[in-house]
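model the following, please.
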Amino acid sequence: FALPLFLAAQVVQGIILLVSISVFGINAFNSSSISLWHLGTFFTWAFAFVFYVLSNILLPFLFFPWLAIGVLIPMPWFLATAFNLESLGSTILLLGWGTMLAIASELTYRIELTRKYSLPALLASMPTFALAVVTGYANSAALGMSAAFSAALIYALLHLLRMRWWLWSLALLNFIIAYFTFFNLELIQKLNIYIGYQSLALSLLLLLPDLFLKKDLMANIEWRMPPRVMGVAFVFFTSVGLLVQNESNHAAVCFAVYFLFFAAYALVWQKAIFGYLPTVYLPLAIIFTLDFFEVDAWLPALTGLAA
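Numbering: from 1, shown residues only. Purely as a prediction, here's the structure:
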């Protein structure tokens, strides 16, 4: 008798959630409805969280922790709609909610009884932060940049507490979003900084730790591999972009900087394979420098370089 009743309660709970989200979706676009009524949907899903937690206590099941955390994901949306929050308020709310989920993931991990909620809570924070970034950009580039940087900082701190390469990668991805947004701020846009220089600086920043840390590709791999991979990717994208654009002056500067950087890189690593990189970028720097000054002497220059 107990098990059929338990299963029936699960079905009823699912129907309640489906009905509540349907009613919310209809009323959210109905201007005549009272917005505070959406708090009913919020509390319905809050009670669903308690319901799934209690269900997991009564009958432990793989999906109950995921369902419990899953119902928390849309709840800031319900609150934002209930209080008619604009993009600024919604962004702050989403950032706070995402931060709460991220912190909860670490706290629940440290208790054996609640550890099964840790990963779902951390994963649930990701769409929340993503929506905060998107909502922030809807308001202004500065708010979007702040949201992305906040997410990067929180995930970096979580990685610092407990190393996970994929979490560090996510932190770096949010940092990269904030980085490029910085150059699109109204004040910075007036400086008209060439996109190639932005990408160049980012790629060097990501690869810079390898110049000073232990010269071992497998050392601290959870920390060093994500920025290394992203740095190589941006070196490739920057190089290809410089080759296809007709900007000889900028290309000459960027390739010269890459030559100097990778020459130092090969020198400190003392590995022959890294020596190929400066030998690629030096001729490119020479070719584009000659092209900028409109000097048709690339053949003797490269011949002399080869000699």
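
low-confidence ranges in the stretch 1-150 of the chain?
Along the stretch 1-150 of the chain, the model assigns pLDDT under 70 to residues 1, 31.

contact partners of stretch 212-229?
Identification of contacts with stretch 212-229 by CB atoms under 8 Å, 6 or more residues apart in numbering yields 159, 163-165, 168-169, 172, 206-207, 209-210, 268-270. From N, CA and C alone the C-beta is placed, and that goes for glycine too.

convert that stretch to PDB, retaining C-alpha atoms only.
Extracted in PDB, the C-alpha atoms of stretch 212-229 (Å, rounded to 0.1, in the frame of the first residue of the first chain):
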ATOM      1  CA  PHE A 212      57.400  30.900 -14.900                       C
ATOM      2  CA  LEU A 213      56.000  27.700 -13.500                       C
ATOM      3  CA  LYS A 214      57.600  24.200 -13.500                       C
ATOM      4  CA  LYS A 215      58.600  23.100 -16.900                       C
ATOM      5  CA  ASP A 216      56.500  19.900 -17.000                       C
ATOM      6  CA  LEU A 217      53.500  19.500 -19.200                       C
ATOM      7  CA  MET A 218      51.800  17.200 -16.700                       C
ATOM      8  CA  ALA A 219      52.500  19.200 -13.600                       C
ATOM      9  CA  ASN A 220      49.300  20.800 -12.000                       C
ATOM     10  CA  ILE A 221      47.400  19.700 -15.000                       C
ATOM     11  CA  GLU A 222      44.000  20.700 -13.500                       C
ATOM     12  CA  TRP A 223      45.300  24.300 -13.200                       C
ATOM     13  CA  ARG A 224      47.500  24.700 -16.200                       C
ATOM     14  CA  MET A 225      45.900  22.700 -19.000                       C
ATOM     15  CA  PRO A 226      42.700  24.800 -19.500                       C
ATOM     16  CA  PRO A 227      44.500  28.200 -19.900                       C
ATOM     17  CA  ARG A 228      47.200  26.400 -22.000                       C
ATOM     18  CA  VAL A 229      44.500  25.000 -24.400                       C
END
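
run the chain-centre distance for it.
Centroid displacement of stretch 212-229 relative to its chain, using CA atoms, centre = their mean, to the nearest Å, is 20 Å.

longest helix in the protein, by number of residues?
helix 2-28 (DSSP state H).

and it, what's buried?
Under the neighbour-count criterion of 16 or more other CB atoms under 10 Å, helix 2-28 has 10, 13, 17, 20, 23-24, 27 buried.

which of these lies closest to residue 120?
residue 17 (16.6 Å; CB to CB).

from residue 71, how far off is the closest one?
Distance from residue 17 to residue 71, counting by CB to CB, to the nearest Å: 7 Å.

so what sits against both of these two?
In contact with both residue 17 and residue 71: 45, 48, using CB under 8 Å, 6+ apart.

would you state the strands of the stretch 201-307 of the chain in chain order?
In the stretch 201-307 of the chain, no strands are defined using DSSP state E, counting those that start in this stretch.

in it, which spans are helices?
Taking DSSP state H, counting those that start in this stretch, the helices of the stretch 201-307 of the chain run over residues 209-212, 221-244, 248-269, 276-292, 298-306.

quick one: average pLDDT of the third one?
When pLDDT is averaged over helix 248-269, the result is 93.

if you count neighbours, what's buried in that helix?
Neighbour-count burial for helix 248-269 flags 248, 250-259, 261-263, 265-266, 269 (criterion: 16+ other CB under 10 Å).

by how many degrees do it and helix 221-244 diverge?
150 degrees (axes from the mean of the first three to the mean of the last three CA atoms, to 10 degrees).

distance between helix 248-269 and the chain's centre?
Centroid separation between helix 248-269 and its chain, computed with CA atoms, centre = their mean, is 28 Å.

elements contacting it?
Packing contacts for helix 248-269, counted by 3 or more CB pairs under 8 Å, 6 or more residues apart in numbering; DSSP states H and E, involve helix 195-207, helix 209-212, helix 221-244, helix 276-292.

residues in contact with residue 174?
By CB under 8 Å, 6+ apart, the contact list for residue 174 reads 129, 133, 148-149, 151-152, 155.

want to throw the residues you listed into JSON lines with distance to residue 75?
What follows is these, written out as JSON lines (distance: CB to CB, whole Å):
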{"residue": "129", "distance to residue 75": "15"}
{"residue": "133", "distance to residue 75": "18"}
{"residue": "148", "distance to residue 75": "22"}
{"residue": "149", "distance to residue 75": "24"}
{"residue": "151", "distance to residue 75": "18"}
{"residue": "152", "distance to residue 75": "24"}
{"residue": "155", "distance to residue 75": "21"}
